[in-house]
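**Q** Curious how this folds, go ahead:
(one chain, ligands or ions: 2)
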Amino acid sequence: MSEGQHNSVAANAALSAGGSLWQACIDQLAQELPEQQFNTWIKPLVAQVSEDFSRVTVFVANRFKLDWVRAQYSNRIASLLEKLYGQPVQLELALALREPVARTYSSQSNAAEMSPAPEPADIAEDNAATAFKNRLNTALTFENLVEGTANRMARAAAMHVSGMPGQLYNPLFIYGGVGLGKTHLMHAVGNKLLADKPGSKVLYIHAEQFVSDVVKAYQRKTFDEFKERYHSLDLLLIDDVQFFANKDRTQEEFFNAFEALLAKKSHIVMTSDTYPKGLTDIHERLVSRFDSGLTVAIEPPELEMRVAILINKARAESAEMPEEVAFFVAKNVRSNVRELEGALRKILAYSRFNQKEISIQLAREALRDLLSIQNRQIGVENIQKTVADYYKIKVADMYSKKRPASIARPRQIAMYLAKELTQKSLPEIGELFGGRDHTTVLHAVRKIAGERQQLTELNQQLHVLEQTLKG
Ligand code: ADP
Ligand code: MG
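**A** Ligands and ions are numbered 1, 2, ... in the order given. Alright, predicted model coming up:
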């Protein structure tokens, strides 16, 4: 390593100056951040400052921490470095290498002291060593959980819990309909905590399994072991607690475990198909405990999120799903992510089996059964909604008087499609577009029809919209 060979006085001066630049940055962060946050995220960081100070590389122990530090702190660190040095400093985040990196500055040591970068945690080994069956599915992580408006709150809260269990949002109660990603989110919390702190005792359990554990302990008179097991956890992830309904003994045991875990600042994450007060046949004292931390909902994913999920999942299967096909599928499969996955599987299988590229036509064939159920009559309202979604404008703009091209054009396209795909007359269409005159509609229809002949891009867009609407 060439850097390590320098030994001049100047280099040493630069070395300690680099160290103090980083140290000054750390000192500032120590002032700004709550102690716990600072100790967890900033203190373990190790930095390497380039000789001209133009670049600072910060080494982070593992991927999860890296993502977190990048998301939460990198902007602040970069602006502090710039302020302290007086010129822009390029900040890079990197995974800590296995070999010690020469000339790194750890915030835990003296400014100029060199310290080797930490080794990344060997997750698999550590987990095996704990020999504790956590029932986590390692495939369900934050990385492959697509974020959208529908799950943003829940995801952020879950992220927070996995970074700092036992502190805020305890218990975390996540609720929402089937197939919206509740179970996925829970596993993500567990997996991330174990990646960060491999020694943690984590257990994922479905409420039904908990019930059967209680029954077994009851029959075998092994409540002590049962208690010991549950009460020793750092993180308990308990899925679908609505299944506790009418199970008195289970509720009592769960209540005990709950109290014991909260008392020792272990974290509890729960999911359910409804919010706590909506739960039926569960004791009031338990319901009020469920609601005593943070309760967040996961909503059904919106169109753009469904598109992103499809593209991501296709990629995970090493297939490329063109955006227009994803849009077509997302528009037609709306209820939940599990259904979306089912549709994707059908399309991929169909494409592989027939050795055809993924296209709207192919998707339509693969999903024929599913689509025929929804083979509805095309209405103007549906056209307005689909076009608005496609061009990312508000549906309300279809009726509004606004004139900027970014709005007027999609509106004209919607009018054109309304004329083409429905039986409505020009005045009727005008009426449905905020009481516009029929000549306005006629103008739009002629204009778009004419341009469609000239502009391939527009033609392509109209094609996607027609396909989507025809389902
Ligand atoms: P729930 O527990 O709410 O019924 P799951 O967590 O079992 O739902 O999710 C159903 C499927 O959808 C799983 O395969 C999950 O990985 C996937 N899924 C759900 N939400 C997302 C998302 N936002 N991004 C990627 N995959 C998701
Ligand atoms: Mg579930």
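**Q** use CA for all of it now, contacts and neighbours both
**A** OK.
**Q** Please verify my assumption that residue 53 contacts residue 18.
**A** Yes. Contact status for residue 53 versus residue 18: in contact at 6.9 Å, counting by CA atoms under 8 Å.
**Q** Who has more neighbours out of those two?
**A** Between residue 53 and residue 18, counted using other CA atoms under 10 Å, residue 18 has the larger neighbour count: 25 against 19.
**Q** residues in contact with that one?
**A** If you count contacts by CA atoms under 8 Å, 6 or more residues apart in numbering, residue 18 has them with 48, 49, 50, 51, 53.
**Q** I'd like to know which of those are buried.
**A** The neighbour count (16 or more other CA atoms under 10 Å) marks 48, 49, 50, 51, 53 as buried among these.
**Q** Between those, which sits nearest ligand 1?
**A** Nearest to ligand 1 among the buried ones among the contacts of residue 18 is residue 48, at 35.5 Å by CA to the nearest ligand atom.
**Q** shouldn't that closest one be in contact with residue 90?
**A** No. Taking CA under 8 Å as the definition, residue 48 is not a contact partner of residue 90, at 11.7 Å.
**Q** ok so, going back, could the buried ones among the contacts of residue 18 go into JSON lines alongside pLDDT and secondary structure?
**A** What follows is the buried ones among the contacts of residue 18, written out as JSON lines (pLDDT from 0 to 100; DSSP: H, G, I helix; E, B strand; the rest coil):
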{"residue": "48", "pLDDT": "87", "secondary structure": "strand"}
{"residue": "49", "pLDDT": "84", "secondary structure": "strand"}
{"residue": "50", "pLDDT": "83", "secondary structure": "coil"}
{"residue": "51", "pLDDT": "78", "secondary structure": "coil"}
{"residue": "53", "pLDDT": "78", "secondary structure": "coil"}
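**Q** Let me have those residues in a markdown table, extended by distance to ligand 1.
**A** What follows is the buried ones among the contacts of residue 18, written out as a markdown table (distance: CA to the nearest ligand atom, whole Å):
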| residue | distance to ligand 1 |
| --- | --- |
| 48 | 36 |
| 49 | 37 |
| 50 | 39 |
| 51 | 43 |
| 53 | 40 |
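**Q** interface residues of the stretch 101-250 of the chain facing ligand 1?
**A** Neighbours of ligand 1 within the stretch 101-250 of the chain, by CA under 6 Å from any ligand atom: 144, 145, 146, 147, 178, 179, 180, 181, 182, 183, 184.
**Q** Farthest-apart pair in these, please.
**A** 144 and 178 (18.5 Å; CA to CA).
**Q** ok, residue 166 - contacts?
**A** Residue 166 neighbours (CA under 8 Å, 6+ apart): 234, 262, 265, 266, 267.
**Q** Tell me the most packed of those residues, by neighbour count.
**A** Going by other CA under 10 Å, residue 267 tops the contacts of residue 166 with 26 neighbours.
**Q** and it, what does it touch?
**A** Going by CA under 8 Å, 6+ apart, residue 267 touches 161, 165, 166, 167, 170, 171, 234, 235, 236, 261.
**Q** So for the residues you listed, which is the shakiest by pLDDT?
**A** Ranked by pLDDT, the contacts of residue 267 bottom out at residue 167, which has 88.
**Q** Between the two ends of stretch 228-245, what distance do you get?
**A** 24 Å (CA to CA, to the nearest Å).
**Q** Restricted to strands, list the contacts of residue 267.
**A** 235, 236 (DSSP state E).
**Q** Now flag whichever of the contacts of residue 267 is closest to residue 196.
**A** residue 165 (11.2 Å).
**Q** Next, the residues that contact the helix or strand hosting residue 225 from outside, please.
**A** Using DSSP states H and E, residue 225 sits in helix 223-231. Helix 223-231 is contacted by residues 213, 214, 217, 257, 260, 261 when judged by CA under 8 Å, 6+ apart.
**Q** Now, of those, which are buried?
**A** Buried positions within those, assessed by neighbour count (16+ other CA under 10 Å), are 214, 217, 257, 260, 261.
**Q** Grab the nearest non-local neighbour of the last one.
**A** Once its chain neighbours are removed from consideration, residue 261 has its nearest residue in residue 231; the separation is 5.9 Å (CA to CA, 6 or more residues apart in numbering).
**Q** The fourth one now?
**A** When the adjacent residues along the chain are set aside, residue 260 lies closest to residue 231, with 6.1 Å between them (CA to CA, 6+ apart).
**Q** Give the burial count for that neighbour, as a bare number.
**A** Applying other CA under 10 Å, I find that residue 231 has 20 neighbouring residues.
**Q** For it, give its distance to ligand 1.
**A** Residue 231 sits 25 Å away from ligand 1, going by CA to the nearest ligand atom, to the nearest Å.
**Q** same check, this time on residue 322
**A** From residue 322 over to ligand 1 (counting by CA to the nearest ligand atom), the distance is 18 Å.
**Q** can you check residue 280 too?
**A** Using CA to the nearest ligand atom, residue 280 is found at 19 Å from ligand 1.
**Q** Look at the closest residue to that residue other than its chain neighbours and say how many residues are nearby.
**A** Counting by CA to CA, 6+ apart, the nearest residue to residue 280 once its immediate chain neighbours are dropped is residue 245, at 6.4 Å. Using other CA under 10 Å, residue 245 has 14 other residues around it.
**Q** And for the one 3 residues further on?
**A** Applying other CA under 10 Å, we find 14 other residues in the vicinity of residue 248.
**Q** where exactly do the helices run in the stretch 51-200 of the chain?
**A** For the stretch 51-200 of the chain, the helices defined by DSSP state H, counting those that start in this stretch cover 63-85, 123-130, 152-163, 182-196.
**Q** Residue 425 is nearest to which of these?
**A** For those, proximity to residue 425 was assessed by CA to CA; helix 152-163 is nearest, at 43.1 Å.
**Q** And stretch 177-195, how far out from the chain middle?
**A** 10 Å (CA atoms, centre = their mean, to the nearest Å).
**Q** cool, stretch 311-323 as well?
**A** The answer for stretch 311-323 is 17 Å, by CA atoms, centre = their mean.
**Q** same check, this time on stretch 191-206
**A** 19 Å.
**Q** Let me know the distance separating residue 360 from residue 316.
**A** Distance from residue 360 to residue 316, counting by CA to CA: 20 Å.
**Q** the more surrounded of the two?
**A** More neighbours surround residue 360 than the other of residue 360 and residue 316, with 21 against 11 (other CA under 10 Å).
**Q** so what's the more buried one up against?
**A** 324, 325, 328, 464, 467.
**Q** so how far is ligand 1 from residue 23?
**A** 39 Å.
**Q** tally of neighbours for that residue?
**A** Residues near residue 23, counting by other CA under 10 Å, number 21.
**Q** what's in contact with stretch 387-406?
**A** Stretch 387-406 has contacts (CA under 8 Å, 6+ apart) with 303, 384-385, 407-408, 410-411, 413-414, 432-435, 465.
**Q** Check which residues of stretch 380-387 are buried.
**A** So stretch 380-387, judged by 16+ other CA under 10 Å, has buried residues 380, 383, 384, 385, 386, 387.
**Q** Closest one to ligand 1 out of the residues you listed, please.
**A** Relative to ligand 1, and with distances defined as CA to the nearest ligand atom, the nearest of the buried residues of stretch 380-387 is residue 386, at 22.0 Å.
**Q** Am I right that that closest one falls within a helix?
**A** Yes. Counting by DSSP: H, G, I helix; E, B strand; the rest coil, residue 386 is found in a helix.
**Q** what pLDDT does it get?
**A** At residue 386, the pLDDT value in this model is 93.
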